[in-house]
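> with the sequence up front, the predicted model follows.
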Amino acid sequence: KQIEGAVQQWAVEEKKVATSLWAIGEPTLLPYMKGSVMPLCPATGQAYGGSTVAGNPVCLNAATLGHTL
């Protein structure tokens, strides 16, 4: 929910649309995250993958560890 909220706020302020893509390394997205830090997968410490504004972020370990957000 933290990532989703940050992406939604970023999208409004940056005038993005539902199909706009965002990435974990998006520098303009970090200020919307608590502490300006992107949450990491608790199992591996890896960042989550980006998506569209309307889509959900993905765990890059979904296939191997079965993680979903």
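In hand now; what should we look at? These figures come from a predicted structure and were not determined experimentally.
> what residue ranges in this structure score low on pLDDT?
67-69 (pLDDT under 70).
> for it, what spans make up the strands?
Along the chain, the stretches classed as strands by DSSP state E are 21-22, 51-52.
> which helices and strands does the last one pack with?
Using 3 or more C-beta pairs under 8 Å, 6 or more residues apart in numbering; DSSP states H and E as the contact criterion, the neighbours of strand 51-52 among helices and strands are strand 21-22. From N, CA and C alone the C-beta is placed, and that goes for glycine too.
> which elements pack onto the strand it packs on?
Counting by 3+ C-beta pairs under 8 Å, 6+ apart, the packing neighbours recorded for strand 21-22 are helix 2-13, strand 51-52.
> relative to residue 28, which of those is closest?
When the helices and strands packed on strand 21-22 are compared for distance to residue 28 using C-beta to C-beta, the nearest one is helix 2-13, at 6.6 Å.
> right, and residue 10 touches residue 21 too?
No. In this structure, residue 10 is not within contact of residue 21 by C-beta atoms under 8 Å, at 12.0 Å.
> is it correct that residue 41 is in contact with residue 61?
Yes. In this structure, residue 41 is within contact of residue 61 by C-beta under 8 Å, at 5.8 Å.
> distance check, residue 27 against residue 65.
Going from residue 27 to residue 65 by C-beta to C-beta, to the nearest Å gives 28 Å.
> more crowded one of these two?
Under the criterion of other C-beta atoms under 10 Å, the comparison of residue 27 against residue 65 puts residue 65 first, with 12 against 7.
> the more buried one against residue 43, yeah?
Yes. Shown here, residue 65 and residue 43 form a contact pair, counting by C-beta under 8 Å, at 5.8 Å.
> good, wrapping up.
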